[in-house]
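Trainee: How does the following fold in three dimensions:
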Amino acid sequence: MDVYGLVGNPVGHSLSPPMHEAAYDRLGVDARYVTFEPAEDDLARAFEGADALGVAGLNVTIPFKQCALELVEPDDLAARIGAVNTVDFTGAAPTGHNTDAVGATRALTHHDIPLEGQAVVVGAGGAGRAVAFGLADAGMDVAIANRTVSRARELAAEVPGATGHPLGAVANLVTDADVLVNCTSVGMHEEDDRTEGTGAHDEDDADEETPVPADALHADLAVLDAVYTPLETRLLADARRAGATTIDGGWMLLYQGVAAFERWTGLEAPVAAMNEALRARL
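Mentor: Numbering: from 1, shown residues only. I've put the predicted structure just below:
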């Protein structure tokens, strides 16, 4: 039996176990997915123990995504993003990967959104970094808006062809945009402040209702909100009323898990089964 899991602190609200267990059950894979919660300064020992015990792979969430980078051999994308959320222990040395970027791009393509034209990414923290690199690598022109403009500009300097802007510029940026992705916690229910995935760990506070004025949204826009509690944030509700295509954060969470499953097993993930298991818990 293969063992996979999630390492983070805390991990009590993790939605990964039901997603991955549903995939194992659907495909008849002899595997289990468990959670680990080491102390914040014990990640190195946790990885050593997992490797010694034959754990095949781990997902990594807050607060370990950045420090995990130093403990594995990261692929190019994880190195550029500066964070690892998926570790493979089956090679000669543990390798690190970041599936947050593909989580966003696959969520968009699942909804038939072309990854071309102009994208606006709100937030320049961990989620914003992953999404900005993912969209730029797919061929989009990326504008990054952030409350602390220096962070937006620093990230834009790393992402090919990207530009950095203050949060106040987001309304003007969205006017001509094809895709908008909220990578902040704005709109999240505070009592549901879960750490998994990419929706809750950029710098913006959750006490604001929406990061983008409703009158800036339009029908030619696709809006993905990384927040998944609630599934319909005020941003998505405003976007729906404007006629935009709306994509809730559950899709992004789903597809980062799908990418991890496929990397570990080499199998095509049963996306529908994983989505059903996830939605049953949201």
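Trainee: Now do the SS call for residue 83.
Mentor: Under DSSP: H, G, I helix; E, B strand; the rest coil, residue 83 falls in the coil class.
Trainee: all helices of the stretch 51-200 of the chain, in order?
Mentor: 65-68, 76-81, 100-110, 126-138, 149-158, 170-175 (DSSP state H, counting those that start in this stretch).
Trainee: Highest mean neighbour count out of those?
Mentor: helix 126-138 (a mean of 26; mean count of other C-beta atoms under 10 Å). Every C-beta, even on glycine, is put in place using the N, C-alpha and C of the backbone.
Trainee: what angle do it and helix 149-158 make?
Mentor: Interaxial angle, helix 126-138 versus helix 149-158 (axes from the mean of the first three to the mean of the last three C-alpha atoms, to 10 degrees): 30 degrees.
Trainee: now for helix 126-138, which elements pack on it?
Mentor: Here helix 126-138 touches helix 76-81, helix 100-110, strand 118-122, strand 141-146, helix 149-158, strand 179-182, going by 3 or more C-beta pairs under 8 Å, 6 or more residues apart in numbering; DSSP states H and E.
Trainee: can you list the residues that contact it?
Mentor: Here helix 126-138 makes contact (C-beta atoms under 8 Å, 6 or more residues apart in numbering) with 65-66, 77, 80-83, 98, 100-105, 115, 119, 121-122, 124, 142, 144, 146, 155-156, 159-162, 179, 181, 183-184, 198-199, 201-202, 226.
Trainee: how close does residue 91 sit to residue 72?
Mentor: 10 Å (C-beta to C-beta, to the nearest Å).
Trainee: So between the two, which is more surrounded?
Mentor: Shown here are residue 91 and residue 72; by other C-beta atoms under 10 Å, residue 72 has more neighbours (21 against 8).
Trainee: Quick check: bridge partners of residue 4?
Mentor: For residue 4, the beta-bridge partners are residue 33, residue 57 (DSSP bridges).
Trainee: Wait, it touches residue 55, no?
Mentor: Yes - between residue 4 and residue 55 a contact is recorded at 7.1 Å, counting by C-beta atoms under 8 Å.
Trainee: more crowded one of those two?
Mentor: Each of residue 4 and residue 55 has its neighbours counted (other C-beta under 10 Å); residue 4 has more, 28 against 21.
Trainee: OK, contacts around that one?
Mentor: 20, 31-34, 55-59, 264.
Trainee: now residue 58
Mentor: Counting by C-beta under 8 Å, 6+ apart, the residues that residue 58 touches are 4-7, 36, 47, 50, 86-87, 89.
Trainee: For residue 108, see how far away it is.
Mentor: The separation that residue 58 has from residue 108, given C-beta to C-beta, amounts to 27 Å.
Trainee: for residue 250, same thing?
Mentor: From residue 250 to residue 108 the distance is 14 Å (C-beta to C-beta).
Trainee: if we can go back for a sec, hmm, which of the contacts of residue 4 are the buried ones?
Mentor: The neighbour-count test (16 or more other C-beta atoms under 10 Å) marks 20, 31, 33-34, 55-59, 264 as buried among the contacts of residue 4.
Trainee: Distance from the chain centre to the helix or strand that contains residue 274, please.
Mentor: In this assignment (DSSP states H and E), residue 274 forms part of helix 271-281. Distance of helix 271-281 from its chain centroid, counting by C-alpha atoms, centre = their mean, to the nearest Å, is 17 Å.
Trainee: With stretch 55-64 instead?
Mentor: Here stretch 55-64 is found 14 Å from its chain centre; the criterion is C-alpha atoms, centre = their mean.
Trainee: what ranges of the stretch 51-200 of the chain fall below the confidence cut-off?
Mentor: Along the stretch 51-200 of the chain, segments meeting pLDDT under 70 span 190-200.
Trainee: I'd guessed residue 56 sits against residue 5; true?
Mentor: No - taking contacts as C-beta under 8 Å, residue 56 lies outside contact range of residue 5: 9.3 Å.
Trainee: what is the mean pLDDT for the longest helix along the chain?
Mentor: Longest helix of the chain, by residue count under DSSP state H: helix 249-265. Helix 249-265 shows a mean pLDDT of 98.
Trainee: Now do that helix against helix 271-281: the angle between them, please.
Mentor: Helix 249-265 runs at 130 degrees relative to helix 271-281, counting by the same axes, to 10 degrees.
Trainee: and helix 249-265, what other elements does it pack with?
Mentor: helix 16-27, strand 57-60, strand 86-88, helix 100-110, strand 222-225, helix 271-281.
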